[in-house]
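Trainee: build me a model from this:
(one chain, ligands or ions: 1)
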Amino acid sequence: MPAEVITSPANADIKLLRSLALRKYRRQTGWFLAEGMRICTEAVQLGHLPQRLVYAADRPDMPGLDRLVAACQTGGGRALPVSPALLGKISRKDNPQMVIAAFTMVEAGPDSIRPDPARCWIALDRCRDPGNLGTIMRTADAVGAAGIILIAESCDPFSVEAVRASMGAIFNIAITRLDEPDFLAFAKDWPGRITGTALPAAVDYRAADWGGPQIILMGNEQAGLTDALAASCHQLVKMPMQGRSDSLNLAVATGLAAYEWLRCQ
Ligand code: SAM
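Mentor: Model (predicted):
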């Protein structure tokens, strides 16, 4: 029998999904939202099963929906047809995706940061902007990085904005956190190279040594790297700035460094 279409914002599952816009409720539930058929399907292919899945009740014939619903139910989750208006309320967008799902947040422990010459790590000092963080996750995935190390207090990688900007990469890279003293202690024993990017650096990023296990270390959007983090680097590199701007956007700078690392592999 087809499931009953949910139209009321007072429905308990809808209230729970809407609450995931806030970090407090993501922490309470351990869940976050991902939107769109392609991203949810890729998540399932990578072994992440939706805890809740809502889909446009007027589009029951969407290709792939059956498999998503089955994956959700296999994992003990609930798949619910909802009115288009409710999809808009959950996503807080005028043009919502036809499918929205809640997945379990997965973070890797710091012991997952292992040296691998074929897979760099990208470390971010106090990243504040979820759009930057999502874009960096997408770039990390694109270059085949092992994952992202969030140093000190960071914006939430599982916020709706970061997940949207990651375009599904959040399901395919490790995310781990270290506070600054722990990163500095870890850096002392890291058997590879830590390459920091900084505006005052002397070395052009195209002349740097990108061989061996690498951590690419990026500074905060406003303040750059702390002195202690900069001192932990084996090399500090810069991207030349020829115009009037004094710096590149963090995600753009990360993309340049990460692709230079990839080019040198
Ligand atoms: N006012 C900040 C500063 O003094 O570092 C600007 C920070 S910038 C928006 C964010 C980060 O992106 C920097 O900390 C650095 O890691 C990287 N970055 C941006 N432009 C760069 C450049 N031209 N060369 C090297 N790193 C750069």
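
Trainee: measure stretch 27-44 end to end?
Mentor: 22 Å (C-alpha to C-alpha, to the nearest Å).

Trainee: buried ones in it, by neighbour count?
Mentor: 29, 31-37, 39-44 (16 or more other C-beta atoms under 10 Å). Heads up, the C-betas are built off the backbone N, CA and C, glycines and all.

Trainee: mind checking which of these land in helices?
Mentor: 29, 37, 39, 40, 41, 42, 43, 44 (DSSP state H).

Trainee: quick one: neighbours of the one residue in the stretch 1-150 of the chain that gets nearest to the ligand, just the number.
Mentor: Proximity of the stretch 1-150 of the chain to the ligand (C-beta to the nearest ligand atom) peaks at residue 125, 7.3 Å away. Residues contacting residue 125 under the criterion other C-beta atoms under 10 Å number 25.

Trainee: wait, what's in contact with it?
Mentor: Contacts of residue 125 were listed using C-beta atoms under 8 Å, 6 or more residues apart in numbering, and they are 151, 152, 180, 217, 218, 219, 220, 225, 226, 229.

Trainee: where does the prediction get shaky in the stretch 1-150 of the chain?
Mentor: For the stretch 1-150 of the chain, applying pLDDT under 70 flags the ranges 1-2.

Trainee: and the strands in it?
Mentor: Ranges of strands in the stretch 1-150 of the chain, per DSSP state E, counting those that start in this stretch, are 31-35, 52-56, 78-82, 99-104, 121-125, 147-151.

Trainee: ok, which of the ones you listed comes nearest residue 160?
Mentor: Of all the strands of the stretch 1-150 of the chain, the one in closest proximity to residue 160, counting by C-beta to C-beta, is strand 31-35 (5.7 Å).

Trainee: and that closest one with strand 52-56, angle?
Mentor: Calculated by axes from the mean of the first three to the mean of the last three C-alpha atoms, to 10 degrees, strand 31-35 forms an angle of 30 degrees with strand 52-56.
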